[in-house]
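Engineer: Based on what follows, work out the 3D shape:
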Amino acid sequence: MQRGQVVAQPNSISAVKKFEANLSVISTEDGGRGTPFFDGFSPKFFFLTDISGSIKLPKGKEMVNPGENVTVTITLEQSIAMEVGTEFTIREGGRTIANGKVTKVY
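Structural biologist: Modelled structure (predicted):
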């Protein structure tokens, strides 16, 4: 086994690069980011290992402020094993700025 590998029954889980997720952005008071983020924001996503990716905001949504909940589309740089319901965090500068849950995989 190497870092990032998954042990699973054949065809029970697939490698995904693009997915939709519900995000709960942590407020400044709770130690989150102090400024909003915009379409194309590229943080580190943590699924038991760090992986880079970018966030696409829904149409009509210009930015996401700390403390908000939003559904976004995320595209990772590499495919990883995940399924609907998988939980993850978004990290920036050594701190967690959002928690997410996968709602749809492409």
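
Engineer: Every contact and neighbour count from this point should use C-alpha atoms.
Structural biologist: Will do.

Engineer: For residue 72, the count of nearby residues, please.
Structural biologist: 19 (other C-alpha atoms under 10 Å).

Engineer: Residue 45 now?
Structural biologist: Neighbours around residue 45, by other C-alpha under 10 Å: 23.

Engineer: Thought residue 74 was touching it, still the case?
Structural biologist: No. The pair residue 45 and residue 74 fails to qualify as a contact (C-alpha atoms under 8 Å) at a distance of 9.7 Å.

Engineer: Residue 43 reaches residue 37, doesn't it?
Structural biologist: No. When contacts are counted by C-alpha under 8 Å, residue 43 is not listed as touching residue 37 (10.1 Å).

Engineer: Spit out the residues that contact residue 45 and residue 74 alike.
Structural biologist: Jointly contacting residue 45 and residue 74 under the rule C-alpha atoms under 8 Å, 6 or more residues apart in numbering are residue 53.

Engineer: What's the end-to-end length of stretch 36-48?
Structural biologist: 25 Å (C-alpha to C-alpha, to the nearest Å).

Engineer: Could you state which residue of the chain sits nearest its centroid?
Structural biologist: Per C-alpha atoms, centre = their mean, the C-alpha nearest to the average position across the chain is that of residue 45, at 5.1 Å.

Engineer: show me what contacts that one?
Structural biologist: Counting by C-alpha under 8 Å, 6+ apart, residue 45 touches 51, 52, 53, 88, 89, 90, 91.

Engineer: Next: residue 51.
Structural biologist: Here residue 51 is in contact with 44, 45, 76, 77, 78 (criterion: C-alpha under 8 Å, 6+ apart).

Engineer: Tell me if the second one really is in a strand.
Structural biologist: Yes. Under the criterion used here (DSSP: H, G, I helix; E, B strand; the rest coil), residue 45 sits inside a strand.

Engineer: Can you give me the neighbour number for the nearest residue to it once chain neighbours are set aside?
Structural biologist: Nearest non-adjacent residue to residue 45, counting by C-alpha to C-alpha, 6 or more residues apart in numbering: residue 90, 4.7 Å away. By other C-alpha under 10 Å, the residues close to residue 90 number 23.
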